[in-house]
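> build the 3D model from these lines:
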Amino acid sequence: MKVFGEMGFAGTRLEEVAQRAGVSKGTVYLYFDSKESLFQEMVRAKVVSNFAQGDALLRNEQLSAREMLVRFIRSTWEILRQPERARLALLVNSELRNFPELVRFYVDEVILRSRRIVRAILDLGVQRGEFRPLRHDYAVRGVTSLLVHGTIYQQFFGPYDSEALPDDEVVNGIIELVLEGVLVRDDQAGRDS
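Numbers count the residues shown, from 1 in each chain. The predicted structure follows:
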């Protein structure tokens, strides 16, 4: 993850990965037949594995949908704001488009899976009457987009922004913005009943 984050996908060499891992290049090739397969397994181990937390939230029947959504946003923020994860997000957003097979892989393994978790939380909130029915599917995409782009901004542009917000204000702002967009409003509650 460090090498991909620092060197980009195109610039990463398996020799460098092996050197950083303290193993021979041959050892790396015993487990990974290409840089692409190494990248895919790294994403599965370091990114996809985090979706278990989202799945656990959905199984917790004691939480309201609002609590699930807030916990999902906070836990995802904590993961994404780590410098190595932010560098990976930047790599995915800037360079991966040059590698269509890896884009398909990333969409299937990461984007669609995170979207399914958010959609399930929002659908549950609608079923329980906590969230208003949404006219379109953008809220599902918006949650993860705000998180990814917020962490990229904080890591790479925030240090140069004289008006930068601290991380806690950014994540609280994301939560507030998302909740304002999905919660049942007082004027709707009276009309709907």
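> over to Val23: give its phi and psi.
Phi and psi for Val23, reported as degrees, to the nearest 10, are phi -130, psi 170.
> quick one, helices of the chain?
Secondary structure of the chain (DSSP state H): helices at 2-11, 14-21, 25-31, 35-46, 51-59, 65-80, 83-94, 100-106, 112-127, 138-152, 167-182, 186-192.
> tabulate those helices (a markdown table), appending mean pLDDT, distance to Asp161 and mean neighbour count.
For the C-beta atoms, the positions are set from N, CA and C on the backbone; glycine is no exception. As requested, these are exported to a markdown table (pLDDT from 0 to 100; distance: least, C-beta to C-beta, whole Å; neighbours: other C-beta atoms under 10 Å):
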| stretch | mean pLDDT | distance to Asp161 | mean neighbour count |
| --- | --- | --- | --- |
| helix 2-11 | 89 | 21 | 16 |
| helix 14-21 | 92 | 31 | 15 |
| helix 25-31 | 90 | 39 | 12 |
| helix 35-46 | 93 | 28 | 16 |
| helix 51-59 | 89 | 30 | 14 |
| helix 65-80 | 95 | 18 | 19 |
| helix 83-94 | 89 | 15 | 18 |
| helix 100-106 | 93 | 28 | 14 |
| helix 112-127 | 95 | 27 | 18 |
| helix 138-152 | 94 | 13 | 19 |
| helix 167-182 | 95 | 11 | 16 |
| helix 186-192 | 54 | 36 | 10 |
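> switch these over to CSV; also include distance to Tyr160.
Converted to CSV, these look like this (distance: least, C-beta to C-beta, whole Å):
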stretch, distance to Tyr160
helix 2-11, 19
helix 14-21, 28
helix 25-31, 36
helix 35-46, 27
helix 51-59, 32
helix 65-80, 20
helix 83-94, 15
helix 100-106, 28
helix 112-127, 29
helix 138-152, 13
helix 167-182, 16
helix 186-192, 41
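> hang on, Met7 packs against Glu16?
Yes. Applying C-beta atoms under 8 Å as the test, Met7 and Glu16 come out as touching, 6.8 Å apart.
> ok, back up a step: out of the helices of the chain, flag the one nearest Gly158.
Across the helices of the chain, Gly158 has its closest neighbour in helix 167-182 (8.7 Å, C-beta to C-beta).
> what residues does the closest one touch?
With contacts defined as C-beta atoms under 8 Å, 6 or more residues apart in numbering, helix 167-182 is touched by 66, 69-70, 73-74, 77, 81, 122, 125, 131-132, 134, 139, 142-143, 146-147, 150, 154, 165.
> could you dump it to PDB, C-alpha only?
The C-alpha coordinates for helix 167-182 follow below in PDB (Å, rounded to 0.1, in the frame of the first residue of the first chain):
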ATOM      1  CA  ASP A 167     -10.800  16.700  10.600                       C
ATOM      2  CA  ASP A 168     -13.600  16.500  13.200                       C
ATOM      3  CA  GLU A 169     -15.400  19.500  11.700                       C
ATOM      4  CA  VAL A 170     -15.200  17.900   8.200                       C
ATOM      5  CA  VAL A 171     -16.600  14.600   9.300                       C
ATOM      6  CA  ASN A 172     -19.300  16.300  11.500                       C
ATOM      7  CA  GLY A 173     -20.200  18.500   8.500                       C
ATOM      8  CA  ILE A 174     -20.500  15.500   6.300                       C
ATOM      9  CA  ILE A 175     -22.800  13.800   8.800                       C
ATOM     10  CA  GLU A 176     -24.900  17.000   9.200                       C
ATOM     11  CA  LEU A 177     -25.200  17.400   5.400                       C
ATOM     12  CA  VAL A 178     -26.200  13.800   4.800                       C
ATOM     13  CA  LEU A 179     -28.700  13.700   7.700                       C
ATOM     14  CA  GLU A 180     -30.300  16.900   6.500                       C
ATOM     15  CA  GLY A 181     -30.800  15.300   3.100                       C
ATOM     16  CA  VAL A 182     -32.300  12.000   4.300                       C
END
